[in-house]
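Q: I'd like to go over a predicted model; first the sequence, then the structure.
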Amino acid sequence: MNTSRAGAKAVGNCMDGTISEIVARIHDTPQQSVLAVAGAGNYALAWLLGVGGASRTVLETRVPYGYLAMTDFLGGYAPEQTVSSDTARRMARAAWQRGLSLREQDAPIVGLACTATIATDRTKRGEHRAFIATWDDQGATTDAIVLEKGLRDRAGEEDVVSRLVIAALARSCGVSAELDLRLASPERVVTEAVRHAEPVQRLLDGDASWVTVHPDGRMVVDGDAPRALLPGSFNPLHAGHTELAEVAGAMLGARVAFELSVTNVDKPPLALGEIHRRLEQFRGVGTVVLTRAETFIKKSELFPGCGFAIGWDTVTRLIQPRYYGDSETAMLRALAEMWGRGSRFAVGGRADDGGAFRSVSDVNIPYGFRPMFTEISEADFRRDVSSTTLRQGMGIN
């Protein structure tokens with residue numbers, strides 16, 4: 001419903017009966033949300049929290065107003081333009097990811113974001129506009145509006161934007177909301193909805209940080225962070241992988257999942273079909289975490305505090321300066337960063353090319369870093385098999 005210019009003055013942050021009713025219906029849905037607003041949308045937070053049952057809906061609210069606060073909220077991404085549809089979507093995705101880590105049981109999560117520039121204590125040269133985005137398992141929806149400058153004061157523009165926030169959240173929760181947005185005749189809301197691609201493609205596109213693939217094939221984007229991983233190419237998966245995961249899990253104090261990076265330091269990214277082929281090996285066997293973290297320093301950034309099950313040969317590469325631009329200083333710095341993030345390694349031994357059994361005790365680990373590495377004894381684990389040897393035996397690359 002539109003309002004006349006005369007009726008478009010500020011009404012403050014009072015919540016009317018219609019908003020109260022819609023918020024109550026939102027609280028009755030199973031969705032839980034994290035909301036982030038910058039520039040406007042603050043009334044909406046107060047309205048959501050002002051109706052009983054808010055704890056069922058609101059997991060957290062964030063106000064990343066400053067540029068550094070926004071960059072931090074977006075995981076280090078520095079937006080070229082803070083008030084834009086792209087930034088709103090990125091904020092909504094960050095809110096959704098935060099919600100996944102805070103949710104209770106398996107409640108569906110909605111990440112909602114608002115970024116706006118509205119009337120303030122000085123005259124602005126540009127448009128007064130707002131972008132409200134929601135992000136959930138199915139897709140992302142963005143509402144954009146340009147407000148007519150000079151029609152309202154700051155409180156009036158805040159009221160309009162906050163109503164849009166409530167309407168967007170209601171839509172994401174499946175609540176029908178006949179809400180007067182108090183728009184003037186020249187103003188209109190432009191809505192764009194995009195459905196997500198399938199999970200693996202989202203990872204390849206950079207739209208997901210990781211994908212968890214359960215033994216039954218079910219995929220979850222950016223779900224619970226793993227506590228222990230066994231990285232590998234798994235081309236093919238063999239008994240050495242599964243046995244090492246089982247033994248290392250007891251040492252690391254967590255069930256070990258298998259981690260497959262779809263990117264490689266020396267090779268092109270894995271194709272979608274190849275990823276699915278390798279995943280098929282794990283049906284009924286174990287959980288796989290797909291990432292784009294081809295190095296251990298990236299894995300530690302993605303999963304702080306995670307333990308890793310690795311082989312002796314991997315340790316030898318981990319401490320070689322040539323993998324760090326031929327810089328010993330860079331190698332030591334990387335080890336220090338991983339240790340600082342709580343990374344630790346359970347290391348299984350194996351036979352070298354000459355047939356001699358090698359363990360982490362045979363590796364000249366830099367002074368001071370030995371506590372990061374725990375040796376798995378030969379008695380507990382030895383399986384002299386490699387994917388390379390198996391591929392050669394099968395006549396494939």
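A: Noted; the coordinates are in hand.

Q: quick check: closest non-adjacent residue to residue 230.
A: If you skip the residues right next to it in sequence, residue 230 has residue 309 as its closest partner in space, 4.2 Å away by Cβ to Cβ, 6 or more residues apart in numbering. From N, CA and C alone the C-beta is placed, and that goes for glycine too.

Q: tell me the contacts of the one you found?
A: Residue 309 makes contact with 228-230, 244-245, 248-249, 252, 256, 345-346, 348, according to Cβ atoms under 8 Å, 6 or more residues apart in numbering.

Q: again, 7 Å this time
A: With contacts defined as Cβ atoms under 7 Å, 6 or more residues apart in numbering, the neighbours of residue 309 are 228, 230, 244-245, 248, 256, 346.

Q: in the stretch 151-300 of the chain, where is pLDDT below threshold?
A: Applying pLDDT under 70 to the stretch 151-300 of the chain flags no residue at all.

Q: which residues in the stretch 251-397 of the chain form helices?
A: Ranges of helices within the stretch 251-397 of the chain are 272-280, 296-302, 312-318, 328-340, 387-394, based on DSSP state H, counting those that start in this stretch.

Q: and the ones you listed: which comes nearest residue 222?
A: Distance to residue 222, taken as Cβ to Cβ, is lowest for helix 296-302 among the helices of the stretch 251-397 of the chain, at 10.4 Å.

Q: got the buried residues for that closest one?
A: Judged by neighbour count (16 or more other Cβ atoms under 10 Å), helix 296-302 contains these buried residues: 296-297, 299-300, 302.

Q: same for it, what does it pack against?
A: helix 328-340 (3 or more Cβ pairs under 7 Å, 6 or more residues apart in numbering; DSSP states H and E).

Q: other residues contacting the helix it packs on?
A: Where contact means Cβ under 7 Å, 6+ apart, the residues beyond helix 328-340 that reach it are 296-297, 300, 319, 321, 324, 366, 369, 372.

Q: most widely separated two among the contacts of residue 309?
A: Distances among those were taken as Cβ to Cβ; the most separated pair is 228 and 244, at 11.4 Å.

Q: so which of these two has more stuff around it?
A: Summary of the neighbour comparison: residue 228 and residue 244, criterion other Cβ atoms under 10 Å, with residue 244 having more neighbours (25 against 22).

Q: quick check: the more buried one is in a helix.
A: Yes. Under DSSP: H, G, I helix; E, B strand; the rest coil, residue 244 falls within a helix.

Q: now it: how far from residue 298?
A: Here residue 244 is placed at a distance of 22 Å from residue 298 (Cβ to Cβ, to the nearest Å).

Q: cool, residue 88 as well?
A: Taken as Cβ to Cβ, the spacing of residue 88 relative to residue 298 amounts to 27 Å.

Q: residue 79 - nearest residue in space that isn't next to it in sequence?
A: residue 87 (4.5 Å).

Q: the one you found should be in a strand, yeah?
A: No. Inclusion of residue 87 in a strand is not indicated when three-state DSSP is applied; the result is helix.
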